[in-house]
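Enquirer: Structure of the sequence below:
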Amino acid sequence: GHAAPHVAAAMACVADPDVSVRNAVVRLCAALGPLATSAVDVAAAHLRNPDTGVRRSATKAIHALAAHSGADTATAVAGQIVRCQSAAERRYLLLVVIDLKELAAPHGAILAA
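Expert: This is a model prediction of the structure:
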């Protein structure tokens with residue numbers, strides 16, 4: 001609903017240079033529960049960020065989102081795999097998907113490609 005644009009703006013801060021801001025985003029993902037699901041694509045896109053710290057924070061956000069919105073989270077991560085520009089990006093995303101365990105099963109065709 002009305003919170004979606006604000007949640008997406010907050011989720012974009014997962015790429016902030018300040019790790020304390022990124023950690024606050026991860027806590028927000030858990031605190032908002034299903035309300036945060038509207039911004040899962042924003043978090044998933046940052047799994048491809050060239051900055052290792054940002055990728056790590058995005059991964060933590062993905063895990064927090066998966067705790068309450070697993071199917072949507074797995075779909076968002078799998079959707080990023082087809083956008084990979086390098087083998088390293090793809091490898092990292094596949095590791096994140098593996099962490100999502102059975103939630104990844106519906107996306108087998110994307111993962112096998």
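Enquirer: Hmm, residue 37 is touching residue 72, no?
Expert: Yes - contact criterion CB atoms under 8 Å: residue 37 and residue 72 qualify, at 5.1 Å. The way it works is simple: take the backbone N, C-alpha and C, and place the C-beta from them, glycine included.
Enquirer: what touches both of the two?
Expert: Here residue 37 and residue 72 have residue 65 as joint contacts, going by CB atoms under 8 Å, 6 or more residues apart in numbering.
Enquirer: The closest residue to residue 48 other than its chain neighbours is in what secondary structure piece?
Expert: Once flanking residues are discounted, residue 48 sits nearest to residue 89: 5.2 Å by CB to CB, 6 or more residues apart in numbering. Assigned by DSSP states H and E, residue 89 belongs to helix 87-99.
Enquirer: and that helix, which residues are buried?
Expert: Judged by neighbour count (16 or more other CB atoms under 10 Å), helix 87-99 contains these buried residues: 89-90, 92-94, 96-97.
Enquirer: and what of stretch 28-43?
Expert: The neighbour-count check on stretch 28-43 (16+ other CB under 10 Å) flags 28-29, 32, 35-43 as buried.
Enquirer: and the residue nearest the centre of the chain, what pLDDT?
Expert: Centre of the chain computed as the mean C-alpha position; nearest residue by CA atoms, centre = their mean is residue 44, 3.1 Å away. If you check residue 44, the pLDDT there is 95.
Enquirer: Tell me which residues touch it, please.
Expert: With CB under 8 Å, 6+ apart, residue 44 has these contacts: 58, 62, 73, 76-77, 79-80.
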